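Trainee: for reference, the sequence and a predicted model appear below.
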Amino acid sequence: MSDTAPVSPGPQARPSGSWLRRAFDRPNVLGPLLAAPAALILLLLLAYPLVLGIWLSLSNAVLGGTPKFVGLANYIQLFHDSTYREAVFYSFFYTICSEGLKLSLGLGLALLLNRRFRGYRLARAIMLLPWVAPTVLSALAWGWLLNPQFSAISWLLMKLGLIHQYIDFLGQIWPARISLIVINMWRGIPYFAMGYLAGLTAIPASLIEAAQIDGAGSWTIFRRITWPLLLPVTTILLSFSTIWTVTDFQLIWTMTRGGPLNATQVFTTLAYQRAINGGSLGQGAAIAISVIPIMLILAIVALRTTREGK
Amino acid sequence: MSDISRRALLQMTAAGALAAGAGIGPVFAEAYKPMLPIEKGASLQLLRWTGFIDADDKQWKANTEAFTKATGVNVTIQDVSWTDIQAKSGLSAQIGSGPDVVMGFYDTPFIYPDKLVDVSDVCTYLEKKYDGFYDVAKSYGYDDKTKTWIAVPMGGPGACVTYRESWLKEAGFDSFPTDFDGMLKAARALKKNNHPIGLALGHAVGDANAWVHTVLWGFGGKQVDENNKVVINSKETHEALKYAKALYETMIPGTGSWLDVNNNQAFLAGQISMTINGISIWYVAKQKFPEMFPDIRTAPVPVGPVGHPTNFNLFSQAFIFKYSKYPNAAKEYLRFMNEAPQVAPWVTGMVGYVTPALKAYSKLPIWTENPNITPYRDVLVGNYADGYAGSPGRAAATALNDFIVVNMFADACAHGASPEDAAKRAEEKLKQIYNA
Amino acid sequence: MKDRAGWRLYLPLGLMLLFLLLPFYWMVLTSLKTRNELLNTPNPWWVFHPSINSFISLLTQTQYPQWFLNTLFVSVGATVLSIVVSFCAAFAIVRLKFRGARVLSTAIFFSYVVPPAILFIPLAAVLVKLHWFDKLWALIPIYATFLVPFCTWLLIGFLRSIPRELEEAALVDGASWPRIMIKVILPLSVPGLISATIFSFTLSWNEYLYALIYMFSSANKTISVGLTTELMRGDVFQWGQLMAGSLLGTLPVVLVYFFFVEYYVAGMSGALKD
């Protein structure tokens, strides 16, 4: 028995049989064996392409050409590229704002849904819709709702006398930036609400009851008990969601293609635009790879927090 | 006119007439003889854009079936929406696997010219037989550096003025003006009657690029000179931007976000009086909007101070990847599809949505069948390629796909920048791209 | 026990659900509208001349049923593969604690930071070497690349919450590890597996980029790819059919969720407990 095994039952208890059966019973044999498929898939289809991608970003690769190593030239060029700077700015802005909103509204929704009222099952299922619908198509539907000519939202506000002219949601810099954040938030709320709902279910009811008996108000209970207990969930939900938001492509590409001007350009749209449409594969790869350090920091923070929580 | 082209014309007139009568006409496959030895057991994969109107795909498919019947070569057609072509074709170039033939747009073949089969024989043959290619078509297929054809020019979904006749008359114009000044006057008069015009200023690959380039070039501005030196920040550009700004004042609010679908929808909803677009608006109205249809007219895009047309169109060409196992079959396919018996019913079926790259096809009867189709016949005359006056290639493609010129116009029109500032910003970005 | 729910519950909840449902209401309207009504209407919030033509033409004139089956096949395949692989990995990491388990779990977590929107070109090179191009089933292992990290993480969390005493008892009784995995741990992991399943299924169902890029034949299209490539015609979109297709593609999944949502919450809850 290896010393890393969790328990060390007496050897007399182990099953006998062929060496194969005995081998399978050893954690140090069975463990790697069971983990192998996952490792294989990730190595072959993720790690290897990633290494290739890094190599491309360090080369002058163009679509269809033979790449030559150019060191950090692509990255240095990005540093002077004003469009890239705009993309960096909006990527951060987009991610921070939409994550913040998703988190708070998702939590709010979870708190509401964490009760057994009439129709709570239906409400929980409906809530998931935005997350289930194909992004491209829900983006198209949103495109109609925010259309400068056909927006049903503008129409309603006009009828209510709140505005005098249809709102130009996607044609002006800040409205466009904010609109995309709202749509991203719309798509992500169910994920947070779901996660938080699970997190809330895991909190022992006795804890809350005890606090109530002590006379604590609901805000105090939330701040002192619920929220601290939800922190580990928050970290995990946030880290995965952030990764999705940063790597999100469909939504922006369908709705604005990075416009107006370059106001809604993000890492992925710019990388795609440069590498695929413009053919500068090396530069596109550099844009894409430049995200990874940021993501790594996030991942490390997330990992630290969850491990310390134990 | 040479003997061949007269005969060709006769053929296509017949085919065109038939096609006009019976929807999809029969294809004269019997008359066809391959020029090149077609590989044994050849089969082809074609990647093309989903037709902008359904008659396009239908006739294309019928023509392809005729090719299969004539040669025994099976052709599988893969449709992708036109903005996704670049991704799939670029990937194929990179990994050396995928469709044999691709119909791409703009500069696509010049991004990876050395991955493509030399199609000079096909192009020279077509050029001779059908009165040559338009200049702009040639620049999208002929590689000046190697003096070879790397793609067979197919044609351009043309951009023309589409407008409401009654509203224009009401504003005091009998026909659509033919120069920029007149267009601005008409637009102002229309606006006064509460019938604004609408031109896309968002990242609309087709519509936004088309009109802003026309205006830029119409004033004599250009992004780079013949040696690919950036010359965008010029007096001509400033004038163009000022003009565009004035035109923008007459537009319906919100064109800053318009993608390619928006002007079609706004027009068909009766919200705008004029736009610059392919024939799709007229075509859809013909089928679905019977009340509005009789009032819709089309006209050539007006001419700027330079005194000649400076159109910019979407343009599609077909190219063959070197990894293809059946280059001869692919070449034969492209030749076949560009021959009169196929082109005539194809263009007729889609009422001239794609204006063919070969000049002889301007004589097809469909162009004069309805006066609203006629302007689309000549869209390739006096048309420049993207990246004008520089050479096609990666830099031009990057500039186009980064929407440098569109953004410059949007900046000056919709986002409050002065023409000088907008041009300067564009200059910086272009320098980055062209000096890389 | 049901809460007494007053306006303080229903008002914010109603507003929230309204916001979440708004685009779907729009989809329903659009799928029932004719092109004419879509563009010219006295009230965009209602449909005055409903017509189910879009649904009929979608089902009869396009290959939508085929796309639906393709999506189902790929999603089920990718989900099953990812769940099996992830469960094995999670079991090995949590319960067996073999040498290198910690390194592996960290690596799996980090592998999630790789953005798929960009790596499709290098990945394509791998697929060509494997001759996996334009094979519908190839999407199954490809999707696993983004499903396995999340599922493994989720199941690691869940498995940790299962008391160790159970397997200790089984070990004392002489059960082998493979037997413990299947007979003891697996049944207890069902809620966790369900939530991982739902998660994987949704992500596979909606995946777009890989399906668009790596599949060439029309017969291999998935719902979102088929709809966007064949119904968005240049500058004329078939709005009715697009929205009808989107609804028909979403509702089955929601229906499944309606029945499994409680397990999903319970499963996630287990995974998050420790």
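Mentor: Received the coordinates, thanks.

Trainee: C-alpha from now on. contacts and neighbour counts both.
Mentor: OK.

Trainee: so what's residue C:212 scoring on pLDDT?
Mentor: Residue C:212 carries a pLDDT value of 86.

Trainee: tell me which parts of chain B are close to chain A?
Mentor: Proximity of chain B to chain A (CA under 8 Å from any CA of the partner chain) is limited to residues B:86-87, B:90-91, B:93-96, B:111-112, B:115, B:201-203, B:253-259, B:266, B:271, B:394-395, B:397-399, B:401-402, B:407-408, B:410-411, B:414-415, B:429, B:432.

Trainee: one more time with 7 Å
Mentor: Contact residues (CA under 7 Å from any CA of the partner chain) of chain B with chain A: B:86-87, B:90, B:93-94, B:111-112, B:115, B:202-203, B:254-257, B:266, B:394, B:397-398, B:401-402, B:407, B:410-411.

Trainee: cross those against helices and list the overlap.
Mentor: Mapping the residues of chain B next to chain A onto helices (DSSP state H) picks out B:86-87, B:90, B:93-94, B:111, B:266, B:394, B:397-398, B:401, B:407, B:410-411.

Trainee: residues near residue 158, how many?
Mentor: Let's take chain A. By other CA atoms under 10 Å in any protein chain shown, the residues close to residue A:158 number 15.

Trainee: look at chain C instead
Mentor: 26.

Trainee: next: residue A:120.
Mentor: Neighbours of residue A:120 under the rule other CA under 10 Å: 15.

Trainee: then the one 4 residues further on?
Mentor: The local packing of residue A:124 (other CA under 10 Å) involves 24 other residues.

Trainee: and it, its phi and psi?
Mentor: Backbone torsions for residue A:124, taken as degrees, to the nearest 10, come to phi -70, psi -40.

Trainee: now the residue of the stretch 51-200 of chain C found nearest chain B: how far from residue A:53?
Mentor: Going by CA to the nearest CA, chain B is nearest to residue C:125 of the stretch 51-200 of chain C, at 5.7 Å. Residue C:125 is 11 Å from residue A:53, where distance means CA to CA, to the nearest Å.

Trainee: then residue A:255?
Mentor: 27 Å.

Trainee: and the two most separated of the ones in helices among the residues of chain B next to chain A?
Mentor: B:94 and B:266 (39.8 Å; CA to CA).

Trainee: more neighbours: residue C:125 and residue A:53, which one.
Mentor: Each of residue C:125 and residue A:53 has its neighbours counted (other CA under 10 Å); residue A:53 has more, 25 against 20.

Trainee: host element of residue A:264?
Mentor: If you go by DSSP states H and E, residue A:264 is not part of any helix or strand.

Trainee: wait, it touches residue A:179, no?
Mentor: No - taking contacts as CA atoms under 7 Å, residue A:264 lies outside contact range of residue A:179: 10.1 Å.

Trainee: the more surrounded of those two?
Mentor: Neighbour tally, residue A:264 and residue A:179, criterion other CA under 10 Å: the higher count belongs to residue A:264, 30 against 15.

Trainee: look up phi and psi at that one.
Mentor: phi -120, psi 30.

Trainee: is residue C:179 in a helix, a strand, or coil?
Mentor: What DSSP: H, G, I helix; E, B strand; the rest coil gives for residue C:179 is helix.

Trainee: against chain A, how distant is residue C:25?
Mentor: Distance, residue C:25 to chain A, by CA to the nearest CA, to the nearest Å: 9 Å.

Trainee: how near is that residue to residue C:46?
Mentor: Going from residue C:25 to residue C:46 by CA to CA gives 10 Å.

Trainee: residue ranges with poor pLDDT in the chain?
Mentor: Using chain A here. For chain A, the stretches with pLDDT under 70 are A:1-16, A:306-310.

Trainee: that's the other chain; I wanted chain B
Mentor: Scanning chain B for pLDDT under 70 picks out B:1-30.

Trainee: show me what from it comes close to chain C.
Mentor: B:50-53, B:78-82, B:88, B:91, B:95, B:260-261, B:265, B:269, B:289.

Trainee: got the domain boundaries for chain B?
Mentor: According to automatic domain parsing, chain B comprises the domains B:3-157+B:314-373, B:160-312+B:402-435.

Trainee: who wins on neighbours among the ones in helices among the residues of chain B next to chain A?
Mentor: Most neighbours among these, by other CA under 10 Å: residue B:410, with 31 neighbours.

Trainee: ok, that one touching residue B:201?
Mentor: Yes - judged on CA under 7 Å, residue B:410 makes contact with residue B:201 at a distance of 5.6 Å.

Trainee: now for the two: what residues contact both?
Mentor: The contact sets of residue B:410 and residue B:201 overlap at residue B:256 (CA atoms under 7 Å, 6 or more residues apart in numbering or on different chains).

Trainee: ok so, going back, can you flag which of the residues of chain B next to chain C belong to helices?
Mentor: With DSSP H as the criterion, helices contain B:88, B:91, B:95, B:260-261, B:265 from among those.

Trainee: redo those as CSV? Include distance to residue A:221 and neighbour count.
Mentor: Formatted as CSV, those follow (distance: CA to CA, whole Å; neighbours: other CA atoms under 10 Å in any protein chain shown):
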residue, distance to residue A:221, neighbour count
B:88, 55, 22
B:91, 56, 24
B:95, 59, 19
B:260, 53, 21
B:261, 52, 18
B:265, 53, 22
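
Trainee: in the residues you listed, find the pair that's most separated.
Mentor: Most distant of these, by CA to CA, are B:95 and B:265, 39.2 Å apart.

Trainee: name the single longest helix found in chain C.
Mentor: For chain C, the helix with the greatest residue count under DSSP H is helix C:239-272.

Trainee: correction: the previous question concerned chain A.
Mentor: Determined from DSSP H, the single longest helix within chain A is helix A:82-113.

Trainee: that helix near chain C anywhere?
Mentor: Yes - judged by CA under 7 Å from any CA, helix A:82-113 comes into contact with chain C through A:109, A:112.

Trainee: how about that helix: buried residues?
Mentor: A:83-91, A:93-99, A:101-103, A:105-113 (16 or more other CA atoms under 10 Å in any protein chain shown).
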